[in-house]
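Q: Requesting a structural model of the entry that follows:
(chains A and B)
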Amino acid sequence: MTTTTAKDKTKRFTPEIRAEIDRWIAKYPPEWKQSAVMGALMILQDDNGGWLTTQLMDDIAAYLDMPAIAVYEVATFYSMYELKPVGKHKICVCTNVSCMTNKSDIIVEHLEKKLGIRFGQVTEDGRFSLKEVECLGACGGAPMMQIGKQYYENLTPEIVDAILEGLE
Amino acid sequence: MANEVCLRTLDLERPWLLEQYQSRGGYKMLKKILTEKMPPEAIIEEVKTSGLRGRGGAGFPTGLKWSFISRNAPGQKYVVCNSDEGEPGTFKDRDILRYNPHQLVEGMIIAGYAIGATRGYNYIRGEFWEPYERFEQALEEARSAGFLGEDLLGSGFDFELYTHLGAGAYICGEETALLESIEGKKGQPRYKPPFPAHFGLYGRPTIINNTESLASIPVIMEKGGVWFADIGVKNSGGSKLFSISGNINNPGVFEIPMGTPFSALLEMAGGVKDGRRIKAVIPGGSSAPVIPGEQMMALNMDYDAIAGAGSMLGSGAVIVLDDTNCMVKVLERMSYFYHEESCGQCTPCREGTGWLYRVVHRIETGQGRQEDLDLLNDVAGKISGKTICALGDAAAMPVQGMLRHFRDEFQYHIDHQRCMVGVG
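A: So this is what the prediction gives:
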């Protein structure tokens, strides 16, 4: 039995976050609030500097009236959710076949050298993290990467340098 | 002819805007259908006549799929669009969403009318932020213009359409995994039957079609099923979007008639980079077995021709590989992908994809054993057809295809602990 009251549930998030989650809830049938879990996880992840804590997942569970374990299941299943801190700029590099045959390894090597980190790591100043990702559906612009919400295509080491310099 | 169906607005400036779409006849068919109260059965018949087959990869006839829904059954029904484009090599639906989102909106409303559904969801992969924003903008415009909401154009027909965003999972392109995902769960495929037409989203009758399939509907209705069918060839009606990538000069998306020679498509894409020899082609996304370059040059791009060569047209994602590619390395990367993306539900796939990856990996890194090629075929055979969904087959087929056509390269790796590409 859950002892969470309706008041507790709404107190957990700021009014802005609640409004954003409610926008997702409104898309689904009233008895299927759980459908908003993916949207809610992404909203909270963005708000928390790019990663999810257990507390945040528990709060979502309470807000959407679903068991915490069901939220963990979703958060661990999909690759875009992060359960550990990431850099302010999460650099996702595709290495699948079309990118690989267009020398994505050179892009990866360049990023690793430039940032001094490998896939799965964060720079000491917390600005960047590197992640290897599967096909992002932009093979016509191979090699490519995603930083935040933005795609960057037809990469060369020089283009990568210019992109990183342009980031805050 | 090219760009006459899903990309018909591509030459316009800011083609994604409502006014641009309407300048090419957009929403004309929806208005006609609603004001004339066209019988839904007539729409389904037209789609059947068109020969349109599921453009996501499976190639199931769209009209037939729609006819499985009991239109008059009481209660909520759903139209779901699969924009979870993730099959490696495929990048066509992204362009529909970015450049012609209204045609997808119109197609989904017409689909809803045809099957008696008043609600739709478009499942867009989470990484597609720009396409998502374009589609959302289109929804807003369509709502303001009275194409979405209640009592559309005074017809008494209601239709509401929403976007659901994924969060990174190839498996959600499988239709029942996609439904699970909309329901706020892990994307693990369901047993079939029951099929979604009977037990779909939230347990209600549902049709799920690919972005390109649904975006084709307004043009099929406008110009007629016969017109569409005649663009293509027997068993492969219409034109199709081909995403061509790899070692070529001008990669991109080309909307061309089904049955177009591969050599013509290659030429449109500027030919092989640096004038190199075409070694192999993966003709339908990475799940499709590889075809040697010279054989591919003689084939046409339609379902039967590609199937006849032992592969599949799939999503129309063509990956061109030149003679600098080591096929062991290519297969290693693909096998890693399927292992990474297996949802873990069925043992043959969960364990088998790991076996495939590890064995190909050891061959690639010079640790291969003489028995490994038979082992790979054995493991692939034990995955095929023994899983709930097609991801297992999708992992097995590239292995079987590579060993069928490039066995000598794998054998060389085992015998010499190194690659034959660049050696001779």
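Q: contacts, neighbours, all on C-alpha from now
A: Noted.
Q: give the contact list for residue 65.
A: Here I'm looking at chain A. A:33-34 (Cα atoms under 8 Å, 6 or more residues apart in numbering or on different chains).
Q: right idea, wrong chain: chain B
A: Contacts of B:Lys65 by Cα under 8 Å, 6+ apart are B:197, B:207.
Q: Validate this expectation: it resides in a strand.
A: No - per DSSP: H, G, I helix; E, B strand; the rest coil, B:Lys65 lies outside any strand segment and is helix.
Q: Check the gap between it and chain A for me.
A: Here the criterion is Cα to the nearest Cα, to the nearest Å. By it, B:Lys65 lies 24 Å from chain A.
Q: need the residues of chain A near chain B, please.
A: A:27, A:32, A:34-39, A:70, A:73-74, A:77-81, A:96-99, A:101-102, A:134-142, A:149-150 (Cα under 8 Å from any Cα of the partner chain).
Q: Could you identify the buried members of those residues?
A: A:27, A:32, A:34-39, A:70, A:74, A:77-81, A:96-99, A:101-102, A:134-142 (16 or more other Cα atoms under 10 Å in any protein chain shown).
Q: Mind checking which of the residues of chain A next to chain B are in helices?
A: Counting by DSSP state H, the part of these found in helices is A:37-39, A:70, A:73-74, A:77, A:97-99.
Q: and the residues you listed as CSV, adding pLDDT?
A: Output for those, formatted as CSV (pLDDT from 0 to 100):
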residue, pLDDT
A:Val37, 98
A:Met38, 98
A:Gly39, 98
A:Ala70, 98
A:Glu73, 98
A:Val74, 98
A:Phe77, 98
A:Val97, 98
A:Ser98, 98
A:Cys99, 98
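Q: In TSV, list these along with distance to B:Lys186.
A: What follows is those, written out as TSV (distance: Cα to Cα, whole Å):
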residue	distance to B:Lys186
A:Val37	11
A:Met38	10
A:Gly39	14
A:Ala70	9
A:Glu73	6
A:Val74	5
A:Phe77	6
A:Val97	26
A:Ser98	28
A:Cys99	28
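Q: what's the longest strand in chain B?
A: In chain B, with assignment by DSSP state E, the single longest strand is strand B:239-246.
Q: which ones are touching B:Gly187?
A: B:Gly187 makes contacts with A:77, B:169, B:171-172, B:177-181, B:343, as judged by Cα under 8 Å, 6+ apart.
Q: how about the helices in the stretch 151-300 of chain B?
A: B:175-182, B:211-223, B:225-231, B:262-268, B:293-296 (DSSP state H, counting those that start in this stretch).
Q: Determine which of those approaches chain A most closely.
A: helix B:175-182 (5.7 Å; Cα to the nearest Cα).
Q: hmm, back to that, right, so the helices of the stretch 151-300 of chain B: which one is the most enclosed?
A: Greatest average neighbour count among the helices of the stretch 151-300 of chain B goes to helix B:175-182 (a mean of 26), per mean count of other Cα atoms under 10 Å in any protein chain shown.
Q: how about stretch A:120-138: buried residues?
A: Neighbour-count burial for stretch A:120-138, counted by 16+ other Cα under 10 Å, picks out A:121-123, A:128-138.
Q: Distance of B:Gly116 relative to A:Arg18?
A: 34 Å (Cα to Cα, to the nearest Å).
Q: who's more crowded, those two?
A: A count of neighbours by other Cα atoms under 10 Å in any protein chain shown puts B:Gly116 above the other of B:Gly116 and A:Arg18, at 25 against 16.
Q: For the residue of chain B at minimum distance from chain A, which residues are in contact?
A: The minimum distance from chain B to chain A, using Cα to the nearest Cα, falls at B:Gly184 (4.1 Å). Listed by Cα under 8 Å, 6+ apart, the contact partners of B:Gly184 are A:34-38, A:74.
Q: Leaving out chain neighbours, which residue sits closest to it?
A: Counting by Cα to Cα, 6 or more residues apart in numbering or on different chains, B:Gly184 lies nearest to A:Ser35, which is 4.1 Å off, once chain neighbours are set aside.
Q: What does the pLDDT read for that neighbour?
A: Listed pLDDT for A:Ser35 reads 98.
Q: what's the spacing between it and B:Lys77?
A: 17 Å.
Q: Quickly list what B:Phe254 is bridged to.
A: B:Phe242 (DSSP bridges).
Q: what's around it, how many residues?
A: 20.
Q: just checking, what's the longest helix in chain B?
A: Longest helix in chain B, counting by DSSP H: helix B:391-416.
Q: Name the residues of it that come out as buried.
A: By 16+ other Cα under 10 Å, the buried positions in helix B:391-416 come out as B:391-403, B:406, B:409-415.
Q: Now that helix: average pLDDT?
A: With pLDDT averaged residue by residue, helix B:391-416 scores 97.
Q: For it, what is the distance to the chain centroid?
A: 24 Å (Cα atoms, centre = their mean, to the nearest Å).
Q: do that helix and chain A meet?
A: No - against chain A, helix B:391-416 shows no contacts by Cα under 8 Å from any Cα, the least distance being 12.4 Å.
Q: Output the contacting helices and strands for that helix.
A: With contacts defined as 3 or more Cα pairs under 8 Å, 6 or more residues apart in numbering or on different chains; DSSP states H and E, helix B:391-416 has these neighbours: strand B:291-292, helix B:327-341, helix B:347-364, helix B:372-383.
Q: Mind doing that once more with 10 Å?
A: Contacting helix B:391-416 under the criterion 3 or more Cα pairs under 10 Å, 6 or more residues apart in numbering or on different chains; DSSP states H and E are the following elements: strand B:278-282, strand B:291-292, helix B:327-341, helix B:347-364, helix B:372-383.
Q: what's the angle between the fourth one and helix B:372-383?
A: Going back to what we said before, that points to helix B:347-364. Using axes from the mean of the first three to the mean of the last three Cα atoms, to 10 degrees, one finds that helix B:347-364 and helix B:372-383 are set 160 degrees apart in direction.
Q: Could you list the buried residues of helix B:347-364?
A: Within helix B:347-364, the residues that qualify as buried are B:348-350, B:352-364, counting by 16+ other Cα under 10 Å.
Q: so which of the contacts of B:Gly184 comes closest to chain B?
A: Nearest to chain B among those, with distances taken as Cα to the nearest Cα, is A:Ser35, at 4.1 Å.
Q: Find the nearest non-adjacent residue to B:Pro261, please.
A: Nearest in space to B:Pro261, with sequence neighbours left out and distances taken as Cα to Cα, 6+ apart, is B:Asn300 at 4.0 Å.
Q: show me what contacts the one you found?
A: Contacts for B:Asn300 (Cα atoms under 10 Å, 6 or more residues apart in numbering or on different chains) come out as B:258-265, B:306.
Q: sorry, back to before: can I get the CA coordinates of the longest strand of chain B in PDB?
A: The C-alpha atoms that make up strand B:239-246 are tabulated as PDB, following Å, rounded to 0.1, in the frame of the first residue of the first chain:
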ATOM      1  CA  SER B 239       7.400   4.400 -56.100                       C
ATOM      2  CA  LYS B 240       9.500   4.000 -53.000                       C
ATOM      3  CA  LEU B 241      12.000   6.000 -50.900                       C
ATOM      4  CA  PHE B 242      15.500   4.500 -51.100                       C
ATOM      5  CA  SER B 243      18.000   5.600 -48.500                       C
ATOM      6  CA  ILE B 244      21.400   5.000 -50.100                       C
ATOM      7  CA  SER B 245      24.600   5.400 -48.100                       C
ATOM      8  CA  GLY B 246      28.100   3.900 -47.700                       C
END
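Q: model confidence over it, on average?
A: For strand B:239-246, mean pLDDT is 98.
Q: Tell me which other helices or strands it touches.
A: Packed next to strand B:239-246, using 3+ Cα pairs under 10 Å, 6+ apart, are helix A:97-100, helix B:93-99, helix B:211-223, helix B:225-231, strand B:252-257, helix B:262-268, strand B:278-282, strand B:317-322.
Q: Might you enumerate the residues of the stretch 251-400 of chain B proximal to chain A?
A: Selection of the stretch 251-400 of chain B residues close to chain A by Cα under 10 Å from any Cα of the partner chain yields B:251-253, B:286, B:317-322, B:324-326, B:329-334, B:336-338, B:340-341, B:343.
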